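[1] Provided below are the primary sequence and the corresponding predicted coordinates.
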Amino acid sequence: MWMFFISSVLFSLMYYVQSVKTGLTAKRWALAGLFFGPTIYPLFRSRQRIKLLKARGLGNTLFGA
């Protein structure tokens, strides 16, 4: 029980920092991370990808060097 609580707090901080970096709503993701902990990580990554696709379009490529 304590491990889930501690990981929820840590993931809340991680979601907050990552959402500020990517331009997502930071408070919303921090609160979701606090309540659900690491279980919402796939949803968070898919939201980041959707935001990136909307920003650059579907036909463009992104080269990560």
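    Structure received.
[2] Tell me which residues touch the residue nearest the centre of the chain, please.
    Nearest to the mean C-alpha position of the chain, counting by CA atoms, centre = their mean, stands F44 at 3.8 Å. Neighbouring residues of F44 by CB atoms under 8 Å, 6 or more residues apart in numbering: Y15, Q18, S19, W29. In short, each C-beta sits where N, CA and C put it, glycine included.
[3] what about the helices in this protein?
    Along the chain, the segments classed as helices by DSSP state H run 2-22, 26-36, 41-56.
[4] Show me the shaky parts of this protein.
    By pLDDT under 70, the weakly predicted segments of the chain are 62, 64-65.
[5] any chance you could read off phi and psi for the residue lying farthest from the centre of it?
    Taking CA atoms, centre = their mean, the residue of the chain most remote from its mean C-alpha position is G59, at 24.3 Å. Main-chain dihedrals, G59, degrees, to the nearest 10: phi -90, psi -10.
[6] where does it sit relative to S12, distance-wise?
    Distance of G59 to S12, computed by CB to CB, to the nearest Å: 36 Å.
[7] next one: V20
    Distance from V20 to S12, by CB to CB: 13 Å.
[8] who's more crowded, the two?
    Neighbours per residue, other CB atoms under 10 Å: of V20 and S12, the larger number sits with S12, 19 against 13.
[9] Would you check how far apart that one and G37 are?
    S12 is 8 Å from G37, by CB to CB.
[10] and if you look at W2?
    12 Å.
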